[in-house]
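Peer 1: This is the structure alone, sequence omitted:
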């Protein structure tokens, strides 16, 4: 038989156990919040920002990384009158310009460090540059999909027509039909 007398008074063991449980939950909450803050800091430290611009004095078209981390171009598409082009030579030919006089760098697969700038199109003469620039946005446009080191991705256009064409986040870069993919 149980001869123990029933306990009366305050149960300090139970209070101690409940206090330890509450402190544990608070510690887990603080740890989760700290991890979230650290993730946001890392995202900010590797955030790239693509910016297209044309350097009129030099007669060149540029892509710059104005963000904090590396910019990795996953896909590029250049269109003329809404139709995809394979290379810059097609753009020059369609505009009646000599393609052999143009220099270019590949947009597809380009990697730019923070603050880095690249010339992606360099017409051979000032007149060519002016002719290409005058129809930029109206007839031709370059669109790139680029990602950060954390595989967060965005798209942007060289000559946006509206706010929907300006840099915007995207889940993943699109895969274009290889027959229509821009090669340089």
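Peer 2: Sure, I can see it. Owing to the predicted nature of the structure, the values given are computational and were not obtained by experimental measurement.
Peer 1: Please state the offset of the longest helix that the chain contains from the chain centre?
Peer 2: As assigned by DSSP state H, the longest helix anywhere in the chain is helix 12-45. Relative to the chain's own centre, helix 12-45 is displaced by 33 Å; criterion: Cα atoms, centre = their mean, to the nearest Å.
Peer 1: go on, stretch 177-184?
Peer 2: The chain centre lies 20 Å from the centre of stretch 177-184; the measure is Cα atoms, centre = their mean.
Peer 1: in it, what counts as buried?
Peer 2: Across stretch 177-184, burial judged by 16 or more other Cβ atoms under 10 Å covers residue 182. Any C-beta I mention is one placed from the backbone N, CA and C, and that applies to glycine too.
Peer 1: where are the low-confidence patches of the chain?
Peer 2: 1-8, 163-165 (pLDDT under 70).
Peer 1: Domain-wise, how is it divided?
Peer 2: The record's domain split for the chain, according to automatic domain parsing, is 11-45, 50-170.
Peer 1: Redo these as a markdown table? Include mean neighbour count and distance to residue 180.
Peer 2: Listed next are the domains of the chain as a markdown table, based on neighbours: other Cβ atoms under 10 Å; distance: least, Cβ to Cβ, whole Å:
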| stretch | mean neighbour count | distance to residue 180 |
| --- | --- | --- |
| domain 11-45 | 10 | 33 |
| domain 50-170 | 17 | 5 |
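Peer 1: Cheers, nothing more for now.
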